[in-house]
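S.K.: Sequence and computational prediction follow.
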Amino acid sequence: MSTVSCDRGSIPFNLSVVPSEKDLFANFERMRREIDELFGDVFGRSALVRQSGFVPHVDVAYMGDPPTSVVIQAELAGVDPSRVALEIRGRRLVIAGERHGSDATGCFYQQVEIEHGPFRREIELGTEVDAARARATYDNGILRVEVPVVSPDEHPRSIPVRKAIGQRTGDQT
């Protein structure tokens, strides 16, 4: 074992654990795991399960006062719009698809920040909507979905109360 001299004297230092220059980038994931284990779930992710992949950012806006439609914009740069699936389930809009990474075989990355992979976002709409009249457009990497709001029933409806068959009222034995 070698020693390195510093102000406080000699510190034992094992040179065999120092990675070579080629291995520096390969060790970042190991270092992140060790930091997660040391500090716990500081950043909202589990130390055992790594959250990765593409998660599109969305904006949700209500148009008009009172609202007549909900407009959802999703940032989907690099996603083929023909490979995006949209569904409305009750008060939720589901956006699913996949962003493919660049095909860069035979290259060595110094830095990788552009996330890719399959994605699925469920957006709570907060109001009843008319799914049959929804419209979606894709322009310059932005998916725009406009869904009309269901107008509340303007005419109040009376609900008659009837006596249930087979039950007696007022008798206590």
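M.R.: Now that the structure is in, tell me what you want to look at. Numbering: from 1, shown residues only.
S.K.: Would you mind splitting the protein into its domains for me?
M.R.: Domain assignment for the chain by automatic domain parsing gives 10-51, 58-148.
S.K.: out of these, deepest packed?
M.R.: Mean neighbours per residue, mean count of other Cβ atoms under 10 Å, is largest over these for domain 58-148, with a mean of 13. C-betas here are computed from N, CA, C, even on glycine.
S.K.: now it: mean pLDDT?
M.R.: Across domain 58-148, the average pLDDT comes to 92.
S.K.: Do a quick rundown of the helices in the protein.
M.R.: Ranges of helices within the chain are 28-39, based on DSSP state H.
S.K.: ok, which stretches of it are strands?
M.R.: 2-6, 9-13, 58-63, 69-75, 85-89, 92-99, 117-124, 135-139, 142-148 (DSSP state E).
S.K.: Bridged to L93, which residues?
M.R.: Beta-bridge pairing for L93 (DSSP bridges): I88, I123.
S.K.: Now do it against E113, distance only.
M.R.: Note on L93: its distance to E113, by Cβ to Cβ, to the nearest Å, is 27 Å.
S.K.: Could you check how far V129 is from E87?
M.R.: For V129, the distance to E87 (Cβ to Cβ) stands at 12 Å.
S.K.: Sorry, slip of the keys, the one I care about is L125.
M.R.: Counting by Cβ to Cβ, the gap from L125 to E87 is 12 Å.
S.K.: Dump the strands of the chain into a markdown table; add distance to Y109 as well.
M.R.: Shown next, in a markdown table, are the strands of the chain (distance: least, Cβ to Cβ, whole Å):
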| stretch | distance to Y109 |
| --- | --- |
| strand 2-6 | 32 |
| strand 9-13 | 30 |
| strand 58-63 | 28 |
| strand 69-75 | 23 |
| strand 85-89 | 30 |
| strand 92-99 | 17 |
| strand 117-124 | 16 |
| strand 135-139 | 29 |
| strand 142-148 | 27 |
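S.K.: Name the stretch from those that approaches S158 most closely.
M.R.: Nearest to S158 among these is strand 142-148 (27.6 Å), distances taken as Cβ to Cβ.
S.K.: Show me the contact partners of the closest one.
M.R.: With Cβ atoms under 8 Å, 6 or more residues apart in numbering as the test, strand 142-148 has contacts from 56, 63, 68-76, 81, 84, 86, 88, 93, 95, 125, 129-131, 133-138.
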